[in-house]
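Enquirer: got a sequence here, can you build the structure:
(one chain, ligands or ions: 2)
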Amino acid sequence: MAVDAEIEFPTIEFRSSDLKRGTEGWNRLCKRVREACETFGCFDVDAFELLKELVEVPVERKQKNTSPLPCHGWVGPSEQVSVLYEGFEDADASNYDSVKSFAQLMWPNGHPRFSDTIHTLATQMEELNKLIWLMLTDSYGLREDSLKMNYKTLVRMMKYLAPPPGEYERGFFPHTDKPVSTLICEDKSGLEIEVNDGQWIKLTNLSPSSFVFIVGDPLKAWSNRRLKPVNHRVMMSGDKNRYSIAAFVIPNEGTIIKAPKELIDDQHPQLFKEFDFMDFFLYAISDPAKHIDSGELLHAYASVSPLVSN
Ligand SMILES: O=C(O)CCC(=O)C(=O)O
Ligand SMILES: [Fe+2]
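Expert: Ligands and ions are numbered 1, 2, ... in the order given. Model prediction:
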């Protein structure tokens, strides 16, 4: 059947201001969603189009995206990460003011559509993360508050250039995540995970509206080594650029990572000392030479016994 270029596929913006039930904006949104579902049976919430706009801002503005954390904020193409990589960051993206300030740095007159979309996406990713944590505590038969902490959702917005024709090139080096957990969405495949020692699989056919949940090193310590922080990387091939958005859980200062007592017994002796998240995070990120780490840093930092291996 011929493709009809005349028909416009519905893209609906979920503005945070419209997500309050009962408001006029909410009613308008409900109508659009219902119509899209009745007419097309599907619709698209597109944040990647906005990322394409973001990467076009002049480099002097990108450089204003700084962070008190070492190696954070805007990171341009480099040998250290990859010449194909570029990443922006909002340290508290489920907070509207933070996203608005970010947008004002990038576009002097602000960009309400960008702020609304990224804030809404971050808020939804935060909710999804909470739901997954709840599923974890439930499945271990733990109380909900066994894995509950105050945290910020740090969002990184990334672009990876297509490699030279025919090449299969590194977009992001192999590593385990140091935040507690991560959710990633991508517009094109590229994310790979290590399943066995040295065996990598590409996560293919992910839809841009699906999310990959990644267990970070602190969850391994929290679960007394039941949960596995996955070693992952980005590899680029083909002729299209790739865009991805990652939401990282960064607990507030003073948060202690500690296995609940129910996960420690004679058969499961305590494997990690309790530790302050931010101390571990700073230990792991302060030296770029440590970034290519597949979980060894957690062991060096918090293992009860030096004999515990990955
Ligand atoms: O871009 C991606 O899909 C992954 C990026 C990543 O793993 C990270 O920033 O920790
Ligand atoms: Fe990662």
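Enquirer: by proximity to ligand 1, which residue of the stretch 101-250 of the chain wins?
Expert: Per CB to the nearest ligand atom, residue 244 is where the stretch 101-250 of the chain lies closest to ligand 1, at 3.6 Å. The way it works is simple: take the backbone N, C-alpha and C, and place the C-beta from them, glycine included.
Enquirer: got the phi and psi for that residue?
Expert: Backbone dihedrals for residue 244, given as degrees, to the nearest 10, come out at phi -140, psi 160.
Enquirer: right, and it touches residue 183 too?
Expert: No. Residue 244 sits out of contact with residue 183 when judged by CB atoms under 8 Å, with a separation of 10.8 Å.
Enquirer: quick one on the thing from earlier: not counting sequence-adjacent ones, nearest residue to the residue of the stretch 101-250 of the chain closest to ligand 1?
Expert: Spatially, and ignoring its direct neighbours in sequence, residue 244 is nearest to residue 186 (4.2 Å; CB to CB, 6 or more residues apart in numbering).
Enquirer: burial count for that neighbour?
Expert: Counted with other CB atoms under 10 Å, the neighbours of residue 186 add up to 23.
Enquirer: distance of it from residue 264?
Expert: As judged by CB to CB, to the nearest Å, residue 186 and residue 264 stand 37 Å apart.
Enquirer: average model confidence for stretch 153-170?
Expert: Stretch 153-170 shows a mean pLDDT of 97.
Enquirer: list the buried ones in it?
Expert: Within stretch 153-170, the residues that qualify as buried by neighbour count (16 or more other CB atoms under 10 Å) are 153-163, 169-170.
Enquirer: of these, which are in range of ligand 1?
Expert: Judged by CB under 6 Å from any ligand atom, the overlap between those and the neighbourhood of ligand 1 comprises 156, 158.
Enquirer: how about the buried residues of stretch 153-170 in JSON lines, adding distance to residue 137?
Expert: Supplementary listing: the buried residues of stretch 153-170 in JSON lines, determined by distance: CB to CB, whole Å:
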{"residue": "153", "distance to residue 137": "19"}
{"residue": "154", "distance to residue 137": "23"}
{"residue": "155", "distance to residue 137": "24"}
{"residue": "156", "distance to residue 137": "27"}
{"residue": "157", "distance to residue 137": "30"}
{"residue": "158", "distance to residue 137": "30"}
{"residue": "159", "distance to residue 137": "36"}
{"residue": "160", "distance to residue 137": "35"}
{"residue": "161", "distance to residue 137": "40"}
{"residue": "162", "distance to residue 137": "41"}
{"residue": "163", "distance to residue 137": "42"}
{"residue": "169", "distance to residue 137": "40"}
{"residue": "170", "distance to residue 137": "36"}
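Enquirer: let me know the closest of the buried residues of stretch 153-170 to residue 129.
Expert: residue 153 (7.6 Å; CB to CB).
Enquirer: so what sits opposite that closest one in the bridge?
Expert: Here residue 153 sits in beta bridges with residue 249, as judged by DSSP bridges.
Enquirer: distance of it relative to residue 60?
Expert: Here residue 153 is placed at a distance of 27 Å from residue 60 (CB to CB).
Enquirer: give me the residues contacting stretch 290-301.
Expert: Judged by CB atoms under 8 Å, 6 or more residues apart in numbering, the contacts made with stretch 290-301 from elsewhere in the structure are 71, 80, 173-176, 178, 194, 217-218, 220-221, 229, 231, 272, 275, 280, 283-285, 308-310.
Enquirer: list the contacts of residue 118.
Expert: Contact analysis of residue 118 by CB under 8 Å, 6+ apart lists 47, 50, 90, 93, 99, 102-103, 155, 157.
Enquirer: how about the secondary structure of it?
Expert: Each residue gets one of three states, and residue 118 gets helix by DSSP: H, G, I helix; E, B strand; the rest coil.
Enquirer: and it, what's its pLDDT?
Expert: If you check residue 118, the pLDDT there is 93.
Enquirer: residue 5 too?
Expert: Turning to residue 5, the model gives it a pLDDT of 43.
Enquirer: ok, residue 70 next?
Expert: In this model, residue 70 is scored at 86, pLDDT.
Enquirer: contacting residues for the residue most central in space within the chain?
Expert: For the chain, the residue whose C-alpha lies nearest the mean C-alpha position (CA atoms, centre = their mean) is residue 246; its distance is 2.1 Å. Shown here is residue 246, whose contacts under the criterion CB under 8 Å, 6+ apart are 155-156, 158, 182-184.
Enquirer: just give me the neighbour total for residue 30.
Expert: For residue 30, the number of neighbouring residues by other CB under 10 Å comes to 12.
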